[in-house]
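Student: Structure of the sequence below:
(chains A and B)
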Amino acid sequence: MTGQPLPGFRDFYPPEHASLRGIFSAWREASRRSGFSEYEGPELESLELYTEKSGDEIVGQLYHFKDKGDREVALRPEMTPTFARMVAGQHRNYKKPIKWFSIPRLFRYERPQRGRHREHYQWNCDIVGERSPCAEAELIATLCLGLSLLGLGSKDVVVKMSDRGWWDRFLEKHGVKEENKPGVLRVLDRLEGATPEQRKEKLGALAKPVEEAWEGNVHDSEALGEIKSALGKMGYGNWCETDFRIVRGLAYYTGVVFEVHDRAGKLRAVAGGGRYDDLLKKLGGEDLPATGFGMGDAVLGELLRDKKIESGKQEGADLFVVAEGAEKDLALSMVGSLRRAGFAVDYEPGFPKWGKQLELAEAKGARWALLVGREAKDGKVGFKEISTRRQGEARWIGQKDGSICLEPSPGDWAKVLA
RNA sequence: GCGGCCGUAGUUCAGUUGGUAGAACUCCAGAUUGUGGUUCUGGCUGUCGCGGGUUCGAAUCCCGUCGGUCGCCCCA
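Tutor: Presented below is the predicted three-dimensional model:
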């Protein structure tokens, strides 16, 4: 085996890259339609940005090293610190609420597994400066739009929502001390697969009320109710449900949190997010409320593969110029002119035998073959629809400026043959 | 960090009780010097993941290591 990528890193050959681009364009399109603006930051940041401001879990998996200037640097493991820094720096120049998105490539040094590498792309959408839960609804609506643009619907995925504020009050009511709350929440986050006995052991007296909450025998919090109502109006009512089992591991969430899961429950979360009202202040910025989500390409890709959804395919050229060797100068002129006229044009620079050129034209997925042969001397060229093998004839006309135009134009060939 | 399975041509894999490596497809060339999805012919490529050990002899057995994969831990 020669030249493999580093462990956990991926090569994207054209077919895989086409799928990746399909995912990106769905993300971008959903963001654009929902009024989010794209931003980007450095993929390499000072180690300090993460060690001081992120949780221990993230720091333990940082991909970091010392650069040639002896600086401790890290490949970004998440976008939020960079986003927070950027917002803190310039937010006065932007009207609130700020709605920004990005598709960063993120890195973590950890053991690669299914749907999990040392590098991945993550769609991040955040809203800053909006305290109302309508911001969450807006994010979830955007998220659902992105998924639907990829061909996923409410029968494939579900947005599970919970509320840390609700848990806060719940724990308060059951006499959990303020300083113990984070610890209890962490325990709750890890109890997904535990047996009732194990739960009882970990939670003690809390086990029974927690069990009831998990069974859904409790009312939504006010915030969740508002979000559900808004999402219902926007047409995503059947995508969402309350699930108080969702807690999210990250410490900085303060309010509503949510995750997207496949309905079958086979994969880990496809996306996750929530409100982090205190984080920007802690990171040294202004006291601005914020909420956001991230969706990685890895688990999403697994889901699309399971559902047999092709997110993007390679497009071939509009036309492939096939020419006899003697006409190669004319062919090259046509290639140049047609490309300037807006067509995607490919050809084989070596101008081998016709059969070979046509074979290549088909293999590369071109729609039309432009046939430049001896008749070219009489001003004639052929065009052929590769998939149907139907053929027609066109005239080529040299312009004063040296460019060449075809009559009829390639754009009309389909009509001519019809 | 822990455990299961795996690692042979570009790709997918075969390789029988250890005897120094094969198929299919792909790719390249030709049959077919102006018409491509068929067919036929010929050709290329492997330090059998790497290192060590057992043996007259290892792709095959043993140990280690690296990589892949699945699960656990953990988590964006």
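Student: how far away is A:Leu152 from A:Gly89?
Tutor: Taking CB to CB, to the nearest Å as the criterion, A:Leu152 is separated from A:Gly89 by 36 Å. Any C-beta I mention is one placed from the backbone N, CA and C, and that applies to glycine too.
Student: Neighbour count: these two, which is higher?
Tutor: Neighbour tally, A:Leu152 and A:Gly89, criterion other CB atoms under 10 Å: the higher count belongs to A:Leu152, 23 against 10.
Student: How about the secondary structure of the more buried one?
Tutor: Classification of A:Leu152 by DSSP: H, G, I helix; E, B strand; the rest coil places it in coil.
Student: For it, which residues are in contact?
Tutor: Applying CB atoms under 8 Å, 6 or more residues apart in numbering, one finds that A:Leu152 lies in contact with A:Leu303, A:Leu304, A:Lys307, A:Ile309.
Student: from those, which single one is nearest RNA strand B?
Tutor: Using CB to the nearest atom of the strand, the shortest approach to RNA strand B within these belongs to A:Leu303, at 13.1 Å.
Student: How about the secondary structure of the spatially most central residue of chain A?
Tutor: The centroid of chain A falls nearest to A:Trp123 when counting by CA atoms, centre = their mean (4.3 Å). In the three-state summary, A:Trp123 is assigned as strand, counting by three-state DSSP.
Student: my read: it touches A:Arg105, true?
Tutor: No: judged on CB atoms under 8 Å, A:Trp123 makes no contact with A:Arg105 at a distance of 11.5 Å.
Student: in the stretch 51-200 of chain A, what residue is nearest RNA strand B?
Tutor: The stretch 51-200 of chain A approaches RNA strand B most closely through A:Arg114 (2.9 Å), counting by CB to the nearest atom of the strand.
Student: Can you get me a residue count around that residue?
Tutor: Residues near A:Arg114, counting by other CB under 10 Å, number 10.
Student: Kindly report the same for A:Lys266.
Tutor: Neighbour count of A:Lys266, defined by other CB under 10 Å: 10.
Student: Kindly report the same for A:Asp329.
Tutor: When counting by other CB under 10 Å, one arrives at 9 neighbours for A:Asp329.
Student: Got the confidence number for it?
Tutor: At A:Asp329, the model reports a pLDDT of 91.
Student: Kindly report the same for the one 4 residues further on.
Tutor: In this prediction, A:Ser333 carries a pLDDT score of 94.
Student: so it touches A:Asp401, yeah?
Tutor: No: counting by CB under 8 Å, A:Ser333 sits too far from A:Asp401 to count as a contact (11.4 Å).
Student: And the two? Which one has more around it.
Tutor: Neighbours per residue (other CB under 10 Å) separate A:Ser333 from A:Asp401, with A:Ser333 holding more: 17 against 6.
Student: Give me the pLDDT for the residue lying closest to the more buried one once chain neighbours are set aside.
Tutor: On the basis of CB to CB, 6 or more residues apart in numbering, the spatially nearest residue to A:Ser333 that is not a chain neighbour turns out to be A:Ile404, at 5.2 Å. At A:Ile404 the predicted local distance difference test score is 94.
Student: How about A:Gly151?
Tutor: pLDDT for A:Gly151: 93.
Student: And for A:Arg275?
Tutor: Looking at A:Arg275 specifically, the model assigns a pLDDT of 93.
Student: Please determine how far it is located from RNA strand B.
Tutor: With the distance defined as CB to the nearest atom of the strand, to the nearest Å, A:Arg275 ends up 13 Å from RNA strand B.
Student: Tell me how many other residues crowd A:Arg21.
Tutor: Neighbourhood size, A:Arg21 [other CB under 10 Å]: 15.
Student: next structured bit after the helix or strand harbouring it?
Tutor: Under the assignment given by DSSP states H and E, the secondary-structure element containing A:Arg21 is helix A:14-33. Note on helix A:14-33: by DSSP H and E, the next helix or strand toward the C-terminus is strand A:37-38.
Student: so who does A:Glu222 touch?
Tutor: With CB under 8 Å, 6+ apart, A:Glu222 has no contacts at all.
Student: what residues does stretch A:153-161 touch?
Tutor: The contact list for stretch A:153-161 (CB under 8 Å, 6+ apart) reads A:140, A:143-144, A:147, A:224, A:227-228, A:236, A:238-243, A:245-246, A:256-263, A:270, A:303, A:307.
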